[in-house]
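Student: Sequence and predicted model, in that order:
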Number of protein chains: 2
Amino acid sequence: MQNTGTHRTATQNTPRVDTVPGLLAEIADIGTDPLRGGYSRPVFSTAELDLREWFIAHATKRGLDVEIDGVGTIRAWWHTPSRTTTGAVLTGSHLDSVPGGGAFDGPLGIASALVAVDLLRARGFTPDKPLVVAAFPEEEGSRFGIACLGSRLLTGAITPEHALALQDPDGDTFAEVLTRNGFDPRAISADIEGLGAFDSFVELHVEQGRGLIDLDAPVAIGSSILGHGRWRASIRGEGNHAGTTLMRDRHDPMVAAARMIQTIRDLARTTPDARATVGRLQPVPGGTNVIASRVDFWIDVRHPDDTVTLALVESIRSALELLGAEEGCAAQLTEESFSATTRFDTRLRGRLERMLPHAPVLDTGAGHDAGVLASVIPTAMLFVRNPTGISHSPEEHTTDLDAQVGAERLADVLQGLLTE
Amino acid sequence: MQNTGTHRTATQNTPRVDTVPGLLAEIADIGTDPLRGGYSRPVFSTAELDLREWFIAHATKRGLDVEIDGVGTIRAWWHTPSRTTTGAVLTGSHLDSVPGGGAFDGPLGIASALVAVDLLRARGFTPDKPLVVAAFPEEEGSRFGIACLGSRLLTGAITPEHALALQDPDGDTFAEVLTRNGFDPRAISADIEGLGAFDSFVELHVEQGRGLIDLDAPVAIGSSILGHGRWRASIRGEGNHAGTTLMRDRHDPMVAAARMIQTIRDLARTTPDARATVGRLQPVPGGTNVIASRVDFWIDVRHPDDTVTLALVESIRSALELLGAEEGCAAQLTEESFSATTRFDTRLRGRLERMLPHAPVLDTGAGHDAGVLASVIPTAMLFVRNPTGISHSPEEHTTDLDAQVGAERLADVLQGLLTE
């Protein structure tokens, strides 16, 4: 552009305003997964630790006060409060990913919150009440098996004893991994009082479906989270040589697992609105020329009506026991986590609808820390359009424009909540 | 025992005679697998490298000349020959294991060969012809996917180009792993001339079935190896979120794989004498809350009649394409290895039957380096009773007594072959 004479220039007094695509570009090389594509950023992996550093650096650069609690949640405070301050507003999301996940599930909420702070300052807005940007650990549960582990611990939805004993795929416990990262496992506890300082929590997240594509809108307000849980099926048979063991002499847990996976799909298909998925399966020992001695697989089950979810799981349990016995195997189903359907706070949602009159209201089938924190803090969500409709995959996407518009709408909402 | 006066004492001139259980006890702690139980000793892992050191130390202590060829085979020579020496006798087995395998599959043959050398010396036997004890690398194919990789390279059954490009589960190629272990990948080649120095190869192996239990005998002579191969099925679907993707919108490769595993079992059951196994399966990305985008699984197929094996594989291929399409997935079947049914050299077997008149003759469903080397060297096998009948599992076993008797029978056979 030609210089046409006098024009505004950025000065040291003009707040820096990052963009969401600009922030995400800074972390585009962290935790890429050459085998699966996309990103693998399990909690406390090198990749996730790098993302934590990145978040802390950005928070510090903005003059926010960073504190890290005993379970590893990072909270960056705009206006440091005392512990008894009330009326604070919480926003944020998570940095960890599923294996081979996309770039947006989690980091979009963190980057948008940082940019929202920039936008509020650029508007000359100074909040009366504290605003906190948080990153919650192990939202995906991809390392220790229980989703939203950090927010579950903070709200008391899981006991420290249960959480500390959880093992990652290498057999390391959550306690050991916490210790290795400088935390004291004996010090972790629920923090109902600390969370009580917040009047509201707003999590912005990439949409994980096609709702906003169909509605041709960039941002939606969340209404509810589908009830969901994870169950682990463990089938024990008899490990043996693949060449020397006759077909009729086998007790093959892989065949039993295969029959179950098909049965689970059939049961879910005949239950309207249910979703049941087996995405993870581990044969033991896992050799090509070895009949497995044990097969573990995990079942993700979701339905808007929690009684239907649990009834479906009971049908799965019965089928598992029956099929296991038919194959001469011993089968067991264990609940690893269950979250009831969450309907977000109606009053808070009404306030968001007034602040964003053009935003549609959508529910979601995906779990979020927002669903867990909703039991303690009035909670709301914003979803940003995903043009592929695909999530938990390298194909998950948001356009640069929608990502930036999402941060602007988040800034609008935070400004409203900090003002009213 | 009370000292009753004069008695023989061991002197430095009396050759040391180790026992097979004694030798195996020395390596009982190497490569134990706390997750799967048993042993995981993939080729060129720390465990397998430790076993190599152990074998070389024992060979050296016995005054054998150790040479290691370009693919990693260790050969320990009693009477170093020139390259043109003919009439040499080869024995040995392998040190690597399947994941979570037993203590005997492989190491029993190595330990028995070392003890056979001791026994021959204790008998005052000095061979006219060289005897070589060998350890072949990657017999199980548990790291690079192709069983008997070392013997296949030596006999030219696989090209160096094909072998060097094979990848382990971490994505490292065989070429990279060779280089890391001090080998020059450009130098690997078939060694038909070197193998031509041998008049016979005898591999002793733990039995991988119940034949010797039923016959109430400790040692058998092998007659043939069942034809067998490995095929990799790869099913590509659409990775997506387990919660937000409706059942009817899915292209789930795990469901297609599950249906196939059941179909493979059904096809094998209806084909007399056939064995087909899926013991290894990898969903990608493998997250609990993620519909897989791809599932790879490996099929081990065996039958005495090679045309039946290949016809069964074609039925599997047709079913895979059909079921894949029904699930909206793209499915592919690739041969990773195939070994025709091997009938061991009749003349050599006749000689063994005369040397061990009480030993029954058994075939085996398991593949061995002996089956590959049989294309170049007259080859025989000895099997030692396994009281569980189970192999490729921590439950694989031989009694101390049977293990020692096996080494004695191996010594008898080697003495005969070196004398006649």
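Tutor: Received the coordinates, thanks.
Student: all contacts plus neighbour counts: C-alpha atoms, from now on.
Tutor: OK.
Student: Quick check: buried residues in stretch A:189-198?
Tutor: A:189-190, A:195-198 (16 or more other CA atoms under 10 Å in any protein chain shown).
Student: any idea which helix or strand carries residue A:193?
Tutor: Using DSSP states H and E, residue A:193 falls within helix A:192-195.
Student: got the contact list for that helix?
Tutor: Residues outside helix A:192-195 that contact it (CA atoms under 8 Å, 6 or more residues apart in numbering or on different chains) are A:83, A:154-156, A:376-377.
Student: how does it look with 6 Å?
Tutor: Residues from elsewhere that reach helix A:192-195 (CA atoms under 6 Å, 6 or more residues apart in numbering or on different chains): residue A:155.
Student: Centre of the chain to that helix, how far?
Tutor: 21 Å (CA atoms, centre = their mean, to the nearest Å).
Student: And stretch A:323-339, by the same measure?
Tutor: With CA atoms, centre = their mean, you get 26 Å for stretch A:323-339.
Student: now the end-to-end length of that stretch.
Tutor: From its first residue to its last, stretch A:323-339 covers 28 Å (CA to CA, to the nearest Å).
Student: Excluding chain neighbours, what is closest to the residue nearest the centre of chain A?
Tutor: Nearest to the geometric centre of chain A sits residue A:139, at 3.8 Å (CA atoms, centre = their mean). Excluding its sequence neighbours, the residue lying closest to residue A:139 (CA to CA, 6 or more residues apart in numbering or on different chains) is residue A:148, at 3.9 Å.
Student: Just the CA atoms of the helix holding residue A:193, as CSV, please.
Tutor: This file holds the C-alpha atoms of helix A:192-195, laid out as CSV (Å, rounded to 0.1, in the frame of the first residue of the first chain):
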residue,chain,number,x,y,z
ILE,A,192,-14.2,-26.8,45.1
GLU,A,193,-13.4,-23.6,47.0
GLY,A,194,-11.0,-22.3,44.3
LEU,A,195,-13.5,-23.1,41.6
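Student: Tabulate the CA atom coordinates of the helix or strand following that helix in PDB.
Tutor: On the C-terminal side of helix A:192-195, the closest following helix or strand by DSSP H and E is strand A:198-206. C-alpha atoms of strand A:198-206 as PDB (Å, rounded to 0.1, in the frame of the first residue of the first chain):
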ATOM      1  CA  PHE A 198     -15.700 -18.200  39.400                       C
ATOM      2  CA  ASP A 199     -19.200 -17.000  38.400                       C
ATOM      3  CA  SER A 200     -18.900 -18.500  35.000                       C
ATOM      4  CA  PHE A 201     -16.800 -20.700  32.700                       C
ATOM      5  CA  VAL A 202     -16.900 -20.400  28.900                       C
ATOM      6  CA  GLU A 203     -15.100 -22.900  26.800                       C
ATOM      7  CA  LEU A 204     -14.600 -22.200  23.100                       C
ATOM      8  CA  HIS A 205     -14.100 -25.400  21.000                       C
ATOM      9  CA  VAL A 206     -13.900 -26.400  17.400                       C
END
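Student: show me where the stretch 51-200 of chain A has strands.
Tutor: A:65-68, A:74-78, A:88-94, A:131-136, A:198-206 (DSSP state E, counting those that start in this stretch).
Student: Can you tell me how far the closest residue in space to residue A:126 that isn't next to it in sequence is from chain B?
Tutor: Computed as CA to CA, 6+ apart, the closest residue to residue A:126 that is not its neighbour in sequence is residue A:120, at 7.6 Å. Between residue A:120 and chain B the distance is 33 Å, computed by CA to the nearest CA, to the nearest Å.
Student: ok so, going back, which residues does the residue nearest to residue A:139 contact?
Tutor: Counting by CA under 6 Å, 6+ apart, residue A:148 touches A:138-139, A:369.
Student: Now render the strands of the stretch 51-200 of chain A as a markdown table, adding distance to residue B:163.
Tutor: Formatted as a markdown table, the strands of the stretch 51-200 of chain A follow (distance: least, CA to CA, whole Å):
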| stretch | distance to residue B:163 |
| --- | --- |
| strand A:65-68 | 50 |
| strand A:74-78 | 48 |
| strand A:88-94 | 43 |
| strand A:131-136 | 46 |
| strand A:198-206 | 44 |
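Student: Dump those strands into CSV; add distance to chain B as well.
Tutor: As requested, these are exported to CSV (distance: least, CA to the nearest CA, whole Å):
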stretch, distance to chain B
strand A:65-68, 27
strand A:74-78, 24
strand A:88-94, 16
strand A:131-136, 18
strand A:198-206, 12
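Student: could you say what helices and strands whatever helix or strand residue A:335 lives in packs with?
Tutor: Taking DSSP H and E as the criterion, residue A:335 maps to strand A:330-339. Strand A:330-339 sits against strand A:227-236, helix A:306-326, with contacts defined as 3 or more CA pairs under 6 Å, 6 or more residues apart in numbering or on different chains; DSSP states H and E.
Student: And these: which comes nearest chain B?
Tutor: strand A:227-236 (7.7 Å; CA to the nearest CA).
Student: downstream neighbour of the closest one in the secondary structure list?
Tutor: Using DSSP H and E, the helix or strand that follows strand A:227-236 in sequence is strand A:240-241.
Student: Run the chain-centre distance for that following strand.
Tutor: Counting by CA atoms, centre = their mean, strand A:240-241 comes out at 40 Å from the chain centroid.
Student: how about the residues of the stretch 1-150 of chain A near chain B?
Tutor: Applying CA under 6 Å from any CA of the partner chain, one finds that the stretch 1-150 of chain A approaches chain B through A:36, A:99-100.
Student: tally of neighbours for residue A:201?
Tutor: Residues near residue A:201, counting by other CA atoms under 10 Å in any protein chain shown, number 27.
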